[in-house]
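*Asks:* Sequence first, then the predicted structure, then my questions.
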Amino acid sequence: MMPSENHSHFSASCSSVTEEARAKINLALHVTGQRSDGYHLLDMLVTFAGHGDRLSFAPSQTDAFTLSGRFAVTLAGDGGTNLVLKARDLLREAVGALAFPVRIHLEKNLPIASGIGGGSADAAAALRGLMRLWGATLPKETLAALALKLGADVPMCLESRPLIARGIGEKIEPTPDLPALAMVLANPLKGVSTPDVFRRLTTKNNPALTLPRTGDWIAAIAAARNDLEPLARQLVPEIGEISALLQASGALMTRMSGSGATCFGIFASMSAAEEAAATLHGERPDWYFQATGTVSGGA
Ligand code: C5P
């Protein structure tokens with residue numbers, strides 16, 4: 001470290017840190033009601049992909065934020081509205097004097113506004129990474145409350161392991177028995193606005209999610225639903241096409257994640273998923289296909 005950077009508050013724990021921001025996948029999403037503030041009550045079975053964005057954090061003279069990766073360009077113009085910067089500012093407020101200036105780099109590998117929680121995962125990774133960099137300790141509940149201020153999906157992204165989420169997403173229960181799954185994520189690269197999809201809901205009191213704790217998870221997931229999928233298909237007809245392409249390439253089941261437009265196909269093995277992603281990429285080179293293994297609940 002150069003002498004000029006040798007601020008007394010840069011402790012030995014301040015070398016740079018990195019965090020994975022794993023894609024969030026809604027294996028099931030049932031809309032069960034609506035709160036008086038308009039937010040919807042949901043039952044969700046959620047897992048996280050090996051694939052995602054990557055963030056790094058390093059001490060700096062002044063705050064800085066840089067971007068790289070396939071989808072960096074789609075975020076480049078958003079100034080200070082990025083959720084990563086909002087997460088930084090919110091955590092800084094909470095930890096006070098510990099929060100020295102920081103250089104944050106975001107490698108944006110996930111398509112934006114795509115139903116796999118890229119922005120939420122980035123915000124959660126920023127909270128985790130900056131806690132480490134700043135050497136801060138906050139009670140788990142305080143951090144979860146900060147996360148919820150950033151968005152309904154941010155608390156679950158803090159966990160980044162298989163779980164059931166209820167409420168608007170903040171009531172979280174791990175599902176340790178959910179196995180790792182071989183998947184292809186597929187997106188026609190048309191952004192979907194989450195509020196636009198929710199606004200199209202007419203039935204808000206659908207049956208809750210019932211899932212086994214053990215047994216045939218694929219069959220149980222296949223029997224569940226994403227109540228937002230028919231609505232998102234009205235906005236982006238390509239979702240139907242992408243789902244059919246995944247089925248035709250050997251997926252055991254397919255479904256849309258979140259408010260779309262990303263769909264996932266579950267495959268029998270990672271090699272089957274990788275082969276399908278390569279074939280699909282050949283057929284539609286302008287779309288996004290990513291083979292990925294999800295994290296297992298027991299990990
Ligand atoms: O919390 P977040 O900013 O991710 O939510 C984006 C929008 O999605 C909300 O403004 C709301 O319109 C809708 N939403 C909802 N019910 C949820 C989560 C999100 O209606 N549980």
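*Replies:* Looks like it came in fine. Numbers count the residues shown, from 1 in each chain.
*Asks:* Specify the beta-bridge partners of the residue in the stretch 1-150 of the chain that the ligand sits nearest to.
*Replies:* Among the residues of the stretch 1-150 of the chain, residue 40 lies closest to the ligand, at 3.6 Å counting by C-beta to the nearest ligand atom. Every C-beta, even on glycine, is put in place using the N, C-alpha and C of the backbone. Counting by DSSP bridges, residue 40 forms beta bridges with residue 34.
*Asks:* Near it, how many other residues are there?
*Replies:* Residue 40 has 18 neighbours, counted by other C-beta atoms under 10 Å.
*Asks:* Surely it is in contact with residue 168?
*Replies:* Yes: Residue 40 is within contact range of residue 168, at 6.9 Å (criterion: C-beta atoms under 8 Å).
*Asks:* got the contact list for residue 173?
*Replies:* Counting by C-beta atoms under 8 Å, 6 or more residues apart in numbering, residue 173 touches 163, 164, 165, 166.
*Asks:* mind listing what the first one touches?
*Replies:* The one in question is residue 163. With the criterion set at C-beta under 8 Å, 6+ apart, residue 163 makes contact with 45, 46, 156, 172, 173, 174, 175.
*Asks:* The ligand next: which of these are close?
*Replies:* When the contacts of residue 163 are filtered against the ligand using C-beta under 6 Å from any ligand atom, no residues are retained.
*Asks:* next one: phi and psi at residue 96?
*Replies:* As for residue 96, its main-chain torsions (degrees, to the nearest 10) stand at phi 70, psi -130.
*Asks:* what's the neighbour count on it?
*Replies:* 9.
*Asks:* Up against the ligand, what does the stretch 151-299 of the chain have?
*Replies:* Checking the stretch 151-299 of the chain against the ligand by C-beta under 6 Å from any ligand atom, the hits are 151, 152, 153, 168, 169, 194, 195, 198.
*Asks:* mind listing what the residue nearest to residue 120 when sequence neighbours are not counted touches?
*Replies:* Leaving aside its chain neighbours, residue 120 sits nearest to residue 153 (3.9 Å; criterion: C-beta to C-beta, 6 or more residues apart in numbering). If a contact means C-beta under 8 Å, 6+ apart, then residue 153 has 24, 117, 120, 169, 258 as its contacts.
*Asks:* Report the secondary structure state of the third one.
*Replies:* By that I understand residue 120. Each residue gets one of three states, and residue 120 gets helix by DSSP: H, G, I helix; E, B strand; the rest coil.
*Asks:* In this structure it contacts residue 157, no?
*Replies:* Yes: counting by C-beta under 8 Å, residue 120 touches residue 157, with 4.7 Å between them.
*Asks:* between the two, who's got more neighbours?
*Replies:* For residue 120 versus residue 157, neighbours defined as other C-beta under 10 Å are more numerous around residue 157 (29 against 25).
*Asks:* Just the element for the more buried one, please.
*Replies:* Taking DSSP states H and E as the criterion, residue 157 maps to helix 154-159.
*Asks:* in the helix or strand following that helix, what's buried?
*Replies:* Next along the chain after helix 154-159, taking DSSP H and E as the criterion, comes strand 163-166. Neighbour counts over strand 163-166 (16 or more other C-beta atoms under 10 Å) mark 163, 164, 165, 166 as buried.
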